[in-house]
Every structure is written in structure tokens, then in C-alpha cells.
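Participant: Predicted model and sequence follow; I will ask about them next.
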Amino acid sequence: MNRLFIKSEQVSKEFNGQHVLRNMTFSINEGEVVGLLGPNGSGKTTMIRLLNGVILPSAGKMKVGPYNPVKEGDHIRAMSGILTDGAGLYQELTGLENLEFFAKLYRAYDAKRIQQLLEEFGMLEAQHKPVGKYSTGMKRRLGMIKAILHKPQLLFLDEPTNGLDPEGIQMVLKYIKMLKEKEGTTILLCSHILHQLETVCSRYLFLQNGEIVESGTLRDLQERQIGSIKLKVETAHPLEATSFGYPAATMGENEYVFTLPDREQITPLVQRIAAAFPVYHVEIQNRDLESIYFQIRGGKHA
Ligand SMILES: Nc1ncnc2c1ncn2[C@@H]1O[C@H](COP(=O)(O)OP(=O)(O)OP(=O)(O)O)[C@@H](O)[C@H]1O
């Protein structure tokens with residue numbers, strides 16, 4: 001599982017003299033699911049297109065598996081699956097015709113697998129309709145099937161849950177988890193829906209203005225980015241929150257947020273509160289990916 005699969009060294013990309021990516025240096029091991037995060041326009045899609053060999057870098061070196069994206073993009077595209085905004089589907093063909101076409105192109109035609117995937121992604125009924133008449137979510141579901149049709153070793157997923165309904169989101173996230181756990185697929189994933197990423201990613205790269213400004217596992221990021229813990233506690237009765245020895249704010253009826261210097265303080269505080277009042281709910285508020293994202297973006301979030 002620790003075999004290096006993707007390497008990017010000092011990669012930069014300019015469009016018309018404008019730097020979009022600068023000195024992108026990172027690596028991804030085989031079987032890792034890595035979340036590429038950053039605000040709109042920070043260069044996430046551009047990085048995926050560079051790794052996939054669709055566009056060329058202005059500087060730097062990359063390797064994807066045994067291949068160089070600059071010269072061997074065809075090989076990379078053959079061994080990988082990609083889901084992007086347009087999903088590269090033919091609008092006049094039906095869903096099934098699209099999948100048959102791409103399966104043959106990938107030399108992986110398997111009628112049974114196509115039907116199985118259509119079923120798993122809730123697309124059995126829509127398969128005979130032209131893609132041009134699909135809703136956004138249906139296109140995304142079909143795009144996801146197209147990306148995984150040939151059981152690729154590597155997946156590039158750009159906003160895979162965009163436009164999906166809650167059932168569709170669950171299907172896609174469940175499938176990504178299955179690919180990670182059972183198939184060992186290496187996945188590079190962009191999304192703005194951070195809590196969804198938390199359920200599937202093993203590591204994160206944060207992009208800002210075309211540069212990597214932070215990277216690591218959720219635990220690494222929590223340790224580096226989150227100074228103090230905001231602990232929300234809901235009790236059965238009102239309490240004098242500040243009397244427990246930590247700064248505290250009252251949020252709602254019987255709801256308080258304590259600021260603790262570290263997680264070691266959680267148990268003694270909760271024990272003391274619980275000794276006095278029934279406790280209904282305890283939750284750390286600021287150690288999730290979204291809080292970390294805003295912390296990295298410059299503390300624009302409580
Ligand atoms: N072909 C192109 N020609 C000129 N500029 C481009 C081209 N492709 C991307 N850009 C510019 O590069 C920057 C990064 O775009 P990119 O699509 O990679 O961002 P992103 O992080 O994926 O954004 P989003 O979250 O909105 O999808 C943007 O300013 C965009 O306008």
C-alpha cells in the first residue's frame with residue numbers, strides 16, 4: 001500500500017502568462033484517497049488535467065504510475081478514470097449507448113458489468129433515454145459509471161457529488177469507500193463539500209492561489225491548525241457555565257460552548273458537569289475539515 005503512485009515535482013502552469021499553479025510538489029501512494037481542496041479558481045481541475053496528460057505543464061516533472069503525463073498521457077488515460085463537470089458524454093446517445101461506446105474504447109466491454117453498475121447507481125430505467133435529456137444529477141451518475149467502467153487503478157474525481165440528490169450522494173460515497181477498501185484504487189478527489197470528503201479521504205492537499213499551503217491527514221491538520229477545542233455541551237437544566245473553570249458561551253437553551261486548551265480537558269470537564277446535571281449531548285465543534293479549511297484560509301470561520 002505504500003508504493004508511490006503519483007509524483008509531482010515543482011510543477012507550474014501558466015495560461016497566457018498568468019500563473020495558475022506554482023511549484024506543486026506532492027506525492028500520492030498507491031491505494032490512497034487524497035482530497036484536493038481549495039477555493040474556486042485555486043487550480044484543482046488544472047492539476048488533474050496536468051496529471052491526466054490533457055494539458056502540459058509550464059515547468060516541473062510528474063509521474064503517474066510508470067508514465068510521464070507529458071509524453072504518455074494516452075497510457076495514463078487508459079489506466080485511469082476521470083469524472084469532470086461535462087463528464088465527456090455524448091448528448092445524442094442514450095446512457096447505455098454512451099457506456100457501450102466507452103467500454104469498447106477502453107477495451108473493457110462487459111454487458112453484465114454495465115447493467116450491474118446502472119443498477120448500483122439507480123440508472124436502470126434511464127439507460128434508454130438520450131443523455132441530452134438527463135437531469136444534472138443523472139448525468140453525474142452516468143459520468144461516475146463511465147469513470148469506473150473499466151475498473152481503473154486510478155480515479156480523478158472532480159466534484160463527484162455535484163448536483164446529486166441525497167440518495168445519489170450516498171451511492172457515490174459508498175462506492176468510493178468500496179473502491180478504497182476492496183479494490184485499493186488510488187483516488188484524487190476534489191470537492192467543496194468538506195464533510196463528505198471526511199468520510200472517504202485518507203489525506204488532504206490544500207491549494208490556495210495555485211500553491212499547496214497545507215497537507216496531511218485529518219489528525220495532522222487538527223494538530224497543526226486547531227489551537228483550542230470548542231466543546232459544545234447540552235444539559236438537561238441551565239448551568240452557570242463559567243463556573244467550571246474554562247471560558248464558556250451560552251448558545252441556546254441549556255447549550256454551552258466551552259473553550260478548552262487541549263483534548264485532555266474534555267473528560268474532566270464532562271465528568272464534572274455530568275456529576276451535577278444529566279448531559280444530553282457533547283460535541284467538538286472545531287476539529288472537522290470545514291473548520292480546518294477556514295483556519296487555513298485565514299481564520300475566516302469561528
Ligand atoms: N484553458 C484555460 N485558459 C486560461 N485560463 C484557465 C484555463 N483553465 C483554467 N484557467 C484558469 O486557471 C485558474 C484555475 O482554474 P481551475 O479550474 O483549475 O480551478 P479550480 O480550483 O478547479 O476551481 P473550481 O473550484 O471553481 O472548480 C482559474 O483562474 C481559471 O480561470
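Facilitator: That came in fine, so what should we check first?

Participant: Can you tell me the closest non-neighbouring residue to Ser12?
Facilitator: Spatially, and ignoring its direct neighbours in sequence, Ser12 is nearest to Ala59 (4.4 Å; Cβ to Cβ, 6 or more residues apart in numbering). The way it works is simple: take the backbone N, C-alpha and C, and place the C-beta from them, glycine included.

Participant: My error: substitute Lys61 in the last question.
Facilitator: Closest to Lys61 by Cβ to Cβ, 6+ apart is Glu9, at 4.6 Å.

Participant: Next one: the one you found from the ligand, what distance?
Facilitator: Distance of Glu9 to the ligand, computed by Cβ to the nearest ligand atom, to the nearest Å: 19 Å.

Participant: Then Leu142?
Facilitator: 20 Å.

Participant: Identify the residues contacting that residue.
Facilitator: Contacts of Leu142 were listed using Cβ atoms under 8 Å, 6 or more residues apart in numbering, and they are 87, 89, 95, 98-99, 121, 123, 131, 134.

Participant: picking that back up, what's the local residue count around the residue nearest to Ser12?
Facilitator: Counted by other Cβ atoms under 10 Å, the residues lying close to Ala59 total 14.

Participant: ditto for Arg141
Facilitator: 29.

Participant: ok, now which ones touch it?
Facilitator: Arg141 neighbours (Cβ under 8 Å, 6+ apart): 121-123, 164, 168, 171-172.

Participant: how many neighbours does the residue nearest to Thr199 when sequence neighbours are not counted have?
Facilitator: Counting by Cβ to Cβ, 6+ apart, Leu173 is the residue found nearest to Thr199 once chain neighbours are left out, at 6.0 Å. The burial metric for Leu173, expressed as a neighbour count using other Cβ under 10 Å, is 18.

Participant: Pull the contacting residues for Leu173.
Facilitator: With Cβ under 8 Å, 6+ apart, Leu173 has these contacts: 161, 196, 199-200.

Participant: cool, Asp74 as well?
Facilitator: Contacts for Asp74 (Cβ under 8 Å, 6+ apart) come out as Gly53.

Participant: Likewise for Tyr90?
Facilitator: By Cβ under 8 Å, 6+ apart, the contact list for Tyr90 reads 97-98, 101, 131.

Participant: Name the helix or strand for Val213, please.
Facilitator: Assigned by DSSP states H and E, Val213 falls within strand 211-216.

Participant: Could you list the paired strands of that strand along with their orientation?
Facilitator: Partners of strand 211-216 in the sheet, by DSSP bridges, are strand 203-208 (antiparallel).

Participant: Contacts for the strand it pairs with, please.
Facilitator: Taking Cβ under 8 Å, 6+ apart as the rule, strand 203-208 contacts 26, 28, 32-39, 42-44, 47, 197, 212-218, 221, 289, 293, 296-297.

Participant: Show only the entries of those found in helices.
Facilitator: 44, 47, 197, 218, 221, 289, 293, 296 (DSSP state H).

Participant: which among the residues you listed are in contact with the ligand?
Facilitator: With the criterion set as Cβ under 6 Å from any ligand atom, the members of the ones in helices among the contacts of strand 203-208 near the ligand are Lys44.

Participant: Contact distance from the ligand - what residues of the stretch 101-250 of the chain qualify?
Facilitator: Checking the stretch 101-250 of the chain against the ligand by Cβ under 6 Å from any ligand atom, there are no hits.

Participant: can you give me the strands for the stretch 101-250 of the chain?
Facilitator: 154-158, 186-190, 203-208, 211-216, 229-235, 248-252 (DSSP state E, counting those that start in this stretch).

Participant: quick one: low-confidence ranges for the stretch 1-150 of the chain?
Facilitator: By pLDDT under 70, the low-scoring segments of the stretch 1-150 of the chain are 1, 87.

Participant: do that again at 80, thanks
Facilitator: 1-2, 85-87 (pLDDT under 80).

Participant: mind listing the helices for it?
Facilitator: With DSSP state H, counting those that start in this stretch as the criterion, the stretch 1-150 of the chain has helices at 44-51, 73-79, 95-105, 111-120, 136-148.
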